[in-house]
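Undergrad: Model the following, please.
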Amino acid sequence: MKTDNENAIYSAIIYESNLRVDNLHRISGEKSNLQGGKYELESSDNIFNEDGDKIKLEDLMVGDEVEIYFNPQVVVKETSPGQISAEYIRKIVKSE
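TA: Have a look, this model is predicted:
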């Protein structure tokens, strides 16, 4: 059984309104094939504030820092920026 500690947790800064993130770096958990760079996260309804309350995509602004909880084996579509499908994202938490 997997726990949060075994899954990769990364932080990033939102640089564009449609969940495009930059400055991605690992906080904890398993290392993945993700490197610091720009990524577009597929829209997800698993977005929360630090208190654990669900928030909307529209509540995230350019410049916000987020923590991204990934499932193991993240696959990135080779586009510019790289795209990560919602199936690989367990949750996104907006840092205060």
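Undergrad: Pull the number of nearby residues for S95.
TA: By other CB atoms under 10 Å, the residues close to S95 number 11. Heads up, the C-betas are built off the backbone N, CA and C, glycines and all.
Undergrad: I figured it hits D64, correct?
TA: Yes: contact criterion CB atoms under 8 Å: S95 and D64 qualify, at 7.3 Å.
Undergrad: Please identify the helix or strand for I14.
TA: Element membership of I14, judged by DSSP states H and E, is strand 9-16.
Undergrad: could you give the angle of the helix or strand following that strand to strand 9-16?
TA: Next in sequence after strand 9-16, counting helices and strands by DSSP H and E, comes strand 20-28. Here strand 20-28 runs at an angle of 170 degrees relative to strand 9-16 (axes from the mean of the first three to the mean of the last three CA atoms, to 10 degrees).
Undergrad: what lines up beside strand 20-28 in the sheet?
TA: strand 9-16 (antiparallel), strand 39-41 (antiparallel) (DSSP bridges).
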